[in-house]
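In: model the structure of this input:
(2 chains)
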Amino acid sequence: MLSEDTNLSRRDFFKELGMVGGGGMMLSAFPWLQSCSADDKAKIVKEKVRIGFIGTGSRGQFHLNNLKSNPIADVVALCDNYPPHLKDASAIFPKAKRYVDYRRLLEDKDIQAVMIATPLNEHAHMTIESLQAGKHVFCEKSMAMTPQDCLNMYNTFKQSGKVLFIGQQRLYDPKYVRVMKMIHNGLIGTICGIRAYWFRNNDWRRPVPSPELERKINWRLYKATSCGLMTELATHQLQVGNWALKMIPETVTGMGDIVFWKDGREVYDNVSLIYRYSNGVKMTYESIISNKFYGLEEEILGNKGTVEPEKGRYYFEDVKPAPGIMQLINQIEHKVFDNVSFAGPSWVPETASINKGEMIMDHMTAHDGASSVGASDDGTVELETAFCEAAITGKPAKNLVEEAYYSSVLGLLGLQAMEENRIVTFPAEYKIPYLNFA
Amino acid sequence: MSYSNYYTDSQLYHGSMSPVMGTELDVLLIGGEEAFLSSVWQIIQTEVVRLNGLLSCFDEDSEVSKINREASVYAVNVSDELWQLLIDCKRYYESTEGCFDITANDFSKVLLNDKDKSIYFLAETLKIDLGGIGKGYALKKISEILEREKVTRALVNFGNSSVLAVGTHPCGDYWAVGIDNPFTHERMDNLRLHDNTLTTSGNTPTHPKHIINPKTGMFVEEHKMASVIGPDPVVGEVLSTTLMVADEKSIPSIMKKFDLYEIHLYKLC
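Out: Take a look at the predicted model:
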């Protein structure tokens, strides 16, 4: 369900961010957005990256449908070991070669880039083998099932000189990009806490045509193939906390249980965790999939204000600047000179006790987080396009894998804390040269 | 209560306080280190709080409240600052042909004795209200602070109706301010400000009746709005109120005395 359905094209996205007309500030603050310079863009405008797509289930088909209308993408090969999904994907790209074994796909020299949307347990080895085969790689989040596998993926990426993207689409969601800049500018003061949550009310199951396919189709529910809520949902939101605070938590503890969906699944349907940063700030994380009332959010709490990026809103604590003034400040920040309307007859500030907050930007889309496939306008299309551009130019997106790496590892450390019922400290061997680590 | 934030990239300091003089004050100061601009904002806040205490009719301890309680009984001695304001108000009463009147009734019944700087009301029910020029006077004082502190780029918005523009927008040759119709929210005008002030009076859907015509004692109910651009924000307040009250025929003769001021009249529907 879209609360405000407005299509935001990529051009509008950059325009909205103030990148047009000399606003280079956004680019320096979010370096992954500049993986493709204006010069590069002009050069590659007529090129198409030849993509081999591995894993054509629901998320895979979501990507394929997007890629169909992407002018710089050409899906030349499809791979899945589940025939019905491969057949569905072929209907989207009828000319693409079909593979059952991804290794055969990797041998195809014509393929420049691969996109991977397979179950979690396949991510690490497929990504590593693809990079080693000389392909640029897009792999869905979360990265892998163990911190060591995540690190192996990261190290292989660094050694390969190839492009790697991980499907953390919030990094390309305009309202996130804009509000993070506002947070880093001090809009809400010092961040004192983050409350993140994702609530759904469904069993997370897909229909299974025959019982022996249960573990293959419902891979999300079993420990051999999934880490459950932490890798499927939490990684997106843990990244938001790190992004806002510009650091990673040092410790995590939490509890996880199967409370409602006692249907033979092995992964928790109910988790509650606390991540603690070195400055004492805590990010709490909750996910329950048997009540959807509160939806999803990352509430970022500062001493001067609060941000709710999923809803696209922010709130001042006491004094709310007059309408128009924040818009004027935003224009000055982006070196834009335009008429801002605020002058008029004397204005009496609202005294209502309900603080409705301010919109992060016009033309926003907010989601209730109910879909387990993907939502439109959540940054996914921008992310795919950025990957295609990077695969053509061969230039990786700066800091993108690093952001994804930490959020993946943090999800897994949270799972470890719940399973071992203890406080887990971020292990030194899994720290990489990013954020507060040199 | 107040809010402030400094934007390093554009060297922009934003200070906001509310409620003050019945509305909110937003100040943008541009060009300078955070510590310096923050100290200027502190000075501005202190000054605005002081003026609120001097001019407010709502604050029982203010000098104006004391006058309203006592001046119909005996002549009340007035501080130098308030005295100067009262003298100015008398002058504006005369030059606007009675349209600007801080008694909203009959200013001729206010006796100002310049020998001992005292005020006496000839009518028992008379009261003065400086709310009509309070924001303008505050902007004048803020403008002096900015000049003294050598802040060369600033935009001060006092409740939307009183705007002070110092220097220009960092990317333009002036400050561009749009005026919307408060009933339809459609843009009616784009005005250019540069080292001057913009004052607006008008009726709005939420405040349809708040300006009294001192000559009739009735509220001005027409859907209209008046904006004045010029050097002195106090004169701006005087003229924007006058334009709401005056009949159209008398406007040219009044405005002849204020040739530095640009006026914009808007019919609202």
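
In: please count neighbours and contacts with C-alpha atoms only from this point.
Out: OK.

In: near chain B, which residues of chain A?
Out: By C-alpha under 8 Å from any C-alpha of the partner chain, the residues of chain A that approach chain B are A:185-187, A:189, A:304, A:318-322, A:325, A:332-333, A:335-349.

In: so which of those are in strands?
Out: Counting by DSSP state E, these place A:340-343 in strands.

In: which one of those is nearest residue A:54?
Out: Distance to residue A:54, by C-alpha to C-alpha, is smallest for residue A:340 among these, at 49.3 Å.

In: so what's the closest one up against?
Out: Residue A:340 makes contact with A:324, A:327-328, B:176-178, according to C-alpha atoms under 8 Å, 6 or more residues apart in numbering or on different chains.

In: adding distance to residue A:256, write the ones in strands among the residues of chain A next to chain B out as TSV.
Out: Below are these laid out as TSV (distance: C-alpha to C-alpha, whole Å):
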residue	distance to residue A:256
A:340	50
A:341	51
A:342	50
A:343	54
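
In: tabulate the residues you listed (TSV), appending distance to residue A:247 and pLDDT.
Out: Supplementary listing: these in TSV, determined by distance: C-alpha to C-alpha, whole Å; pLDDT from 0 to 100:
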residue	distance to residue A:247	pLDDT
A:340	36	88
A:341	38	87
A:342	38	86
A:343	41	86
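
In: what sits up against stretch A:425-437?
Out: Residues outside stretch A:425-437 that contact it (C-alpha under 8 Å, 6+ apart) are A:147-148, A:151, A:246-252, A:399, A:402, A:410, A:413, A:438.

In: returning to what we had before: of the residues of chain A next to chain B, buried ones?
Out: Buried members of the residues of chain A next to chain B, counted by 16 or more other C-alpha atoms under 10 Å in any protein chain shown: A:185-187, A:189, A:304, A:319-322, A:325, A:332-333, A:335-349.

In: in helices, which of these fall?
Out: Among those, the ones falling in helices (DSSP state H) are A:325, A:332-333.

In: return the item of those having minimum pLDDT.
Out: Across those, the smallest pLDDT goes to residue A:333, namely 87.

In: you'd agree that residue is up against residue B:8?
Out: No. Residue A:333 lies out of contact with residue B:8 (C-alpha atoms under 8 Å); the separation is 9.3 Å.

In: tell me the residue of the stretch 151-269 of chain B that sits nearest chain A?
Out: residue B:178 (3.9 Å; C-alpha to the nearest C-alpha).

In: the stretch 1-150 of chain B now?
Out: In the stretch 1-150 of chain B, the residue that lies nearest chain A is residue B:23 (5.1 Å; C-alpha to the nearest C-alpha).

In: from residue B:132, how far off is that residue?
Out: Counting by C-alpha to C-alpha, to the nearest Å, the gap from residue B:23 to residue B:132 is 13 Å.

In: what do you get for residue B:254?
Out: Separation of residue B:254 from residue B:132 (C-alpha to C-alpha) stands at 18 Å.

In: residue contacts, the residue nearest the centre of chain B?
Out: Geometric centre of chain B, nearest residue: residue B:136, 2.6 Å, by C-alpha atoms, centre = their mean. Residues counted as contacts of residue B:136 (C-alpha under 8 Å, 6+ apart) are B:162, B:233-237.

In: so where does it fall, helix or strand?
Out: Element membership of residue B:136 [criterion: DSSP states H and E] is helix B:131-148.

In: could I have the helix or strand just after that helix exported to CSV, CA atoms only?
Out: Downstream of helix B:131-148, the first helix or strand assigned by DSSP H and E is strand B:153-158. Output in CSV follows, covering the C-alpha atoms of strand B:153-158 (Å, rounded to 0.1, in the frame of the first residue of the first chain):
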residue,chain,number,x,y,z
ARG,B,153,23.7,38.8,5.4
ALA,B,154,20.6,38.0,7.4
LEU,B,155,16.9,37.3,7.0
VAL,B,156,14.7,37.8,10.0
ASN,B,157,11.1,36.7,9.9
PHE,B,158,8.9,37.9,12.8
